[in-house]
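[1] Just need the structure, nothing else, for what follows:
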Amino acid sequence: MTERILPEGYTYLEHDGARLAFPVEWERADAPAGSLAVVHPEAEGLAFRPNVVVRVSDYAGSLPALAAFSLATTRAQINGCHFVAHDELDLDGGEGRRQRFAYAAGGFDLVVDRYLAVRGGRALEITVTATVALAYEMLPVGAVVAGSLDWDAAAVPASSGTRDAEVSSGTKEPRHDRWLSELAGHPIEDLSKLPAVQGYRSDGPTLSAAAVNLLKEHAKRSRFGRFDVAAHQAEMGELRAAGLIDAAGKFSPDLEFILGALREPEFRIEIGARHQGLDTTLDIHVGAGRALVLAGPSAPELIHGVAPRSDGLGGTPRGTFLLDLATTEGVPALIAAWAGLGPAWSVTGNVRTLEPGELERGCDAPLAVPTDADAASRRLLAQPWFGWSMTIPDLGFERTWLNAGAAGHYAVGALDDGGSELVPVASAQVWDVLLQEIGAATIARPAAWE
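    The predicted structure follows:
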């Protein structure tokens, strides 16, 4: 083991040839054979205890194969999980991966950072799990744990591990991103296919803009009057078909619950986006401990044709919105899914600014490629663009990003001449902004709803 400076407030624990630093107050817990589990101490009001699980196993494949296998099996085993990020990083002086995904289970909205490494015929997995509410505090703890790794893979005989992740069991070398592999000097897995299978999901009713506006206008009531019913027969038909009102215009119990987000407002998130000439929006009203969601067509639907329904049938017709109810803690993952925020390899190129109007035109159709554009910039310009701006009016927060598909996300800045600056940003960093700003909104003073 290598002698290192122990972070203050941490202590070392060893498992199967790996030594890692954990907060001194955290406790060891029961874990499956071959694993080490360490959990946050019990505390008042802490229904879900953040935890770190370490597992070492025999493994005959490569790190890209392990990462691809981990991603695929997680998506197959955890219904509704959304992968936010998949990054390369250094672990104990060697190549590693970090995957971040979010999902809901047991009444909790959870976020996971999973660190992976392969060495000497062994695979190491460090899984950090916390609720979304505590993720901004707990995920950095996980980063310290992973960053403290001191792993002597040869110190323990290979037979001590499990054998569930080797080539002979079906794990295959994934398709490599050829250009990035050449750039990095070692194999890098291709992530470009994931957005086409990972999308925004909704089983709520589809409503016209007129029906949505009618609900907002009458949100503080419990029924529509006879003159409302007579004057808006088409909209009433939509609302009845969705089970939101009865024949006389009385609100259903489900609608009463949904409208609680408007009757007891806390904050609102507005997102406007554009792709191939179509403007779309995501409007989220948070209140009464829940979120009312009104979603136009999402990035996965517009770019890849990923249907929002769980049965895979039907899209979101232009001018309509999917009505849903979500938990407040589920909002960051919901936005990530709608905007197509997910794993991608971001590389800085020499095209870093756009002329006035080029951002909007690039979201409608591919821009001309400058003759001096380097490979990273050509990659950026070849991708379908989905530009999206998010505002939280009560906080004065506004940010614009460009989803450039396999080229990743770019932060968009305004230049004095009306043009735009593009700065590649890792998907995990976009997620961190969502988490931080939505967290700030939950403790901000509620504004009156109009």
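
[2] Where does the nearest residue to residue 347 once chain neighbours are set aside sit: helix, strand or coil?
    Distances taken as C-beta to C-beta, 6 or more residues apart in numbering place residue 376 nearest to residue 347, at 4.3 Å, with adjacent residues excluded. All C-beta atoms are positioned from the backbone trio N, CA, C, and that covers glycine. Following DSSP: H, G, I helix; E, B strand; the rest coil, the label given to residue 376 is helix.

[3] In contact with residue 376, which residues?
    Counting by C-beta atoms under 8 Å, 6 or more residues apart in numbering, residue 376 touches 347-350, 407.

[4] Next: residue 228.
    Shown in contact with residue 228 (C-beta under 8 Å, 6+ apart): 214, 218, 236, 249.

[5] which of the residues you listed are buried?
    214, 218, 236, 249 (16 or more other C-beta atoms under 10 Å).

[6] can you redo the residues you listed as JSON lines with pLDDT?
    Shown next, in JSON lines, are the buried ones among the contacts of residue 228 (pLDDT from 0 to 100):
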{"residue": "214", "pLDDT": "96"}
{"residue": "218", "pLDDT": "95"}
{"residue": "236", "pLDDT": "96"}
{"residue": "249", "pLDDT": "95"}
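
[7] Return the subset of those residues lying in helices.
    214, 236 (DSSP state H).

[8] Quick one: the strands in the stretch 1-150 of the chain, in order.
    10-15, 18-23, 27-29, 35-39, 51-58, 82-91, 94-105, 108-119, 122-131, 150-151 (DSSP state E, counting those that start in this stretch).

[9] Tell me how this structure divides into domains.
    10-190, 206-219+259-443 (automatic domain parsing).

[10] Compare the mean pLDDT across those domains and name the weakest.
    The weakest mean pLDDT among the domains of the chain belongs to domain 10-190, with a mean of 89.

[11] Enumerate every residue touching residue 126.
    Residue 126 neighbours (C-beta under 8 Å, 6+ apart): 20, 52-54, 114-116, 142, 145-146, 149.

[12] try residue 104
    The contact partners of residue 104, by C-beta under 8 Å, 6+ apart, come to 80, 110, 327, 330.

[13] wait, which of the residues you listed is closest to residue 33?
    residue 110 (23.9 Å; C-beta to C-beta).

[14] Go ahead and confirm the closest one touches residue 127.
    No. Applying C-beta atoms under 8 Å as the test, residue 110 and residue 127 come out as separate, 11.2 Å apart.

[15] picking that back up, can I get the domains of the chain in a markdown table including distance to residue 198?
    Converted to a markdown table, the domains of the chain look like this (distance: least, C-beta to C-beta, whole Å):
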| stretch | distance to residue 198 |
| --- | --- |
| domain 10-190 | 6 |
| domain 206-219+259-443 | 6 |
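
[16] Identify whichever of those domains lies nearest to residue 225.
    So among the domains of the chain, domain 206-219+259-443 is nearest, using C-beta to C-beta, at 8.9 Å.

[17] centre of the chain versus that closest one, how much separation?
    12 Å (C-alpha atoms, centre = their mean, to the nearest Å).

[18] what do you get for stretch 182-190?
    The answer for stretch 182-190 is 24 Å, by C-alpha atoms, centre = their mean.

[19] Would you mind measuring the gap between the ends of it?
    Criterion C-alpha to C-alpha, to the nearest Å; first-to-last residue distance in stretch 182-190 is 13 Å.

[20] Give me the residues contacting that stretch.
    For stretch 182-190, the surrounding residues in contact (C-beta under 8 Å, 6+ apart) are 62, 64, 67-68, 88, 95, 173-177, 180-181, 345, 347.

[21] which residues touch residue 420?
    Residues near residue 420 by C-beta under 8 Å, 6+ apart: 353-354, 358-359, 412-414.

[22] Swap in 10 Å and give it another go.
    352-360, 362, 387, 400, 402, 410, 412-414 (C-beta atoms under 10 Å, 6 or more residues apart in numbering).

[23] Highest neighbour count among the contacts of residue 126?
    Within these, neighbour counts (other C-beta atoms under 10 Å) peak at residue 52, which reaches 27 neighbours.

[24] Report whether the expected contact of that residue with residue 138 is present.
    Yes. Between residue 52 and residue 138 a contact is recorded at 9.3 Å, counting by C-beta atoms under 10 Å.

[25] Count the neighbours of residue 417 for me.
    Using other C-beta under 10 Å: residue 417 sits among 9 other residues.

[26] Pull out the buried members of the contacts of stretch 182-190.
    Here, 16+ other C-beta under 10 Å leaves 62, 64, 67-68, 88, 95, 174, 176-177, 180, 345, 347 buried among the contacts of stretch 182-190.

[27] before we move on, back to that, tell me which two of the contacts of stretch 182-190 sit farthest apart.
    Among the contacts of stretch 182-190, 173 and 347 lie farthest apart (C-beta to C-beta), at 22.6 Å.

[28] just to revisit the earlier point, restricted to strands, list the contacts of residue 420.
    353-354, 387, 400, 402, 410, 412-414 (DSSP state E).

[29] And the strands in the stretch 251-400 of the chain, which stretches?
    265-275, 278-287, 290-295, 320-327, 353-354, 386-392, 397-403.

[30] Look up which residues are beta-bridged to residue 223.
    Counting by DSSP bridges, residue 223 is bridged to residue 250.

[31] my bad, residue 275
    Going by DSSP bridges, residue 275 forms beta bridges with residue 278.

[32] I figured it hits residue 303, correct?
    Yes. Using C-beta under 10 Å, residue 275 is in contact with residue 303, at 6.4 Å.

[33] which neighbours do these two share?
    297, 340, 384-386, 403.

[34] ok, which pair from those residues is furthest apart?
    Farthest apart among those - using C-beta to C-beta - are 297 and 385, which lie 15.2 Å from each other.

[35] I'd like the contacts of residue 126 written out as a markdown table, with distance to residue 5 added.
    Shown next, in a markdown table, are those (distance: C-beta to C-beta, whole Å):
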| residue | distance to residue 5 |
| --- | --- |
| 20 | 14 |
| 52 | 20 |
| 53 | 25 |
| 54 | 21 |
| 114 | 26 |
| 115 | 20 |
| 116 | 25 |
| 142 | 19 |
| 145 | 15 |
| 146 | 16 |
| 149 | 14 |
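
[36] which of those lies closest to residue 437?
    Closest approach to residue 437 among the contacts of residue 126 (C-beta to C-beta): residue 142, at 21.4 Å.
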